[in-house]
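In: The sequence isn't on hand, but the structure is:
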């Protein structure tokens, strides 16, 4: 079965600084990969997804992620973080049979 | 995309009672899922609800505790039965299989449940 590891439980960055959130997955084939964001008291919002093709995917709110098959990674990046980006970020992997698994999440704090 | 409405958005319940959570989608979807998110934790899949068949439960979740209905392609309910404080969590409805986005899963805002 597939699994997802988000090594960083909590990350703090200064507003305007760049951001990279790590995600590693385990799956026997090319999976579907996702990043979701959960703001306090809210549900999950899809930031971006990777199914196939170009390994660098663009998402909403200025986020991007790069699929690296050799490293089994799908790291999320943003060049300049805004205070409103403070939230919980979840990486998820879905097998072709629809079974989606989530990582433990990374909580992002943005310092003024 | 899909617009998912969950009711109630939050509730405080007494031990031993039951709560039914409703999930309404603005379009027909093939698959609906129910997740639990315990405080400070990630999401755990409770069950998959497909219209016209029994829900499929994940290991550790049973129908007697979490009965699910899926009467049509836009609606589902999850009941948390005989609640205990350990059931205090966020319960999230998720859908998949909307027209044009069949591989993307969308989430409702969740139901925040506190059991006293």
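Out: Everything's here; your move. The structure displayed is predicted, hence computed values, not measured ones. Numbers count the residues shown, from 1 in each chain, chains lettered A, B, ... in the order given.
In: Tell me the spacing between the most centrally placed residue in chain B and residue B:22.
Out: Ranked by distance to the mean C-alpha position of chain B (Cα atoms, centre = their mean), the top residue is residue B:34 at 3.2 Å. Remark: distance between residue B:34 and residue B:22 (Cβ to Cβ, to the nearest Å) = 11 Å. Using the backbone N, CA and C atoms, a C-beta is placed for each residue, glycine as well.
In: Also residue A:27?
Out: 34 Å.
In: related to what we said a few turns ago, next up, the contacts around the residue nearest to the centre of chain B.
Out: By Cβ atoms under 8 Å, 6 or more residues apart in numbering or on different chains, residue B:34 lies in contact with B:23, B:45-47, B:49, B:66, B:68, B:76, B:78, B:91-94.
In: can you give me the strands in chain A?
Out: Per DSSP state E, chain A carries strands over the ranges A:3-5, A:10-14, A:19-21, A:24-26, A:32-38, A:44-50, A:56-58, A:64-68, A:73-78, A:87-94, A:100-102, A:106-111.
In: Would you tell me which residues of chain A are close to chain B?
Out: Contact residues (Cβ under 8 Å from any Cβ of the partner chain) of chain A with chain B: A:32, A:34, A:36, A:41-46, A:49, A:51, A:90, A:92, A:94, A:98, A:100, A:102-105.
In: 6 Å instead, please
Out: Applying Cβ under 6 Å from any Cβ of the partner chain, we find that chain A lies next to chain B at A:32, A:43-44, A:100, A:102, A:104-105.
In: among those residues, who's most crowded?
Out: When neighbours are counted by other Cβ atoms under 10 Å in any protein chain shown, residue A:44 leads the residues of chain A next to chain B with 26 neighbours.
In: which parts of the helix or strand that contains residue B:22 are buried?
Out: Take DSSP states H and E as the rule and residue B:22 turns out to sit in strand B:19-25. Neighbour counts over strand B:19-25 (16 or more other Cβ atoms under 10 Å in any protein chain shown) mark B:19, B:21-23, B:25 as buried.
In: Would you list the strands that whichever helix or strand comes after it pairs with, along with their directions?
Out: Per DSSP H and E, strand B:19-25 leads on to strand B:31-37 as the next helix or strand towards the C-terminus. Partners of strand B:31-37 in the sheet, by DSSP bridges, are strand B:43-49 (antiparallel), strand B:89-98 (antiparallel).
In: so where's chain B shaky on pLDDT?
Out: B:98-100 (pLDDT under 70).
In: Pull up the residues of it that are close to chain A.
Out: With Cβ under 6 Å from any Cβ as the criterion, chain B meets chain A at residues B:42-43, B:103, B:105, B:107-110.
In: Would you list the buried entries among the residues you listed?
Out: Using 16+ other Cβ under 10 Å as the burial test, the residues of chain B next to chain A include B:42-43, B:105, B:107-110 as buried.
In: for residue A:94, what are its contacts?
Out: Residue A:94 makes contacts with A:32, A:100, as judged by Cβ atoms under 6 Å, 6 or more residues apart in numbering or on different chains.
In: who's it bridged to?
Out: residue A:32, residue A:100.
In: and it, how far is that from residue A:77?
Out: Separation of residue A:94 from residue A:77 (Cβ to Cβ): 21 Å.
In: next one: residue A:90
Out: 16 Å.
In: Compare those two and say which is more crowded by neighbours.
Out: Neighbour count, other Cβ under 10 Å: between residue A:90 and residue A:77, residue A:90 has more, with 24 against 14.
In: what helices or strands is the helix or strand of chain A with the lowest mean pLDDT leaning on?
Out: Lowest by mean pLDDT, DSSP states H and E among the helices and strands of chain A is strand A:100-102, with a mean of 88. If you count contacts as 3 or more Cβ pairs under 6 Å, 6 or more residues apart in numbering or on different chains; DSSP states H and E, strand A:100-102 packs onto strand A:87-94.
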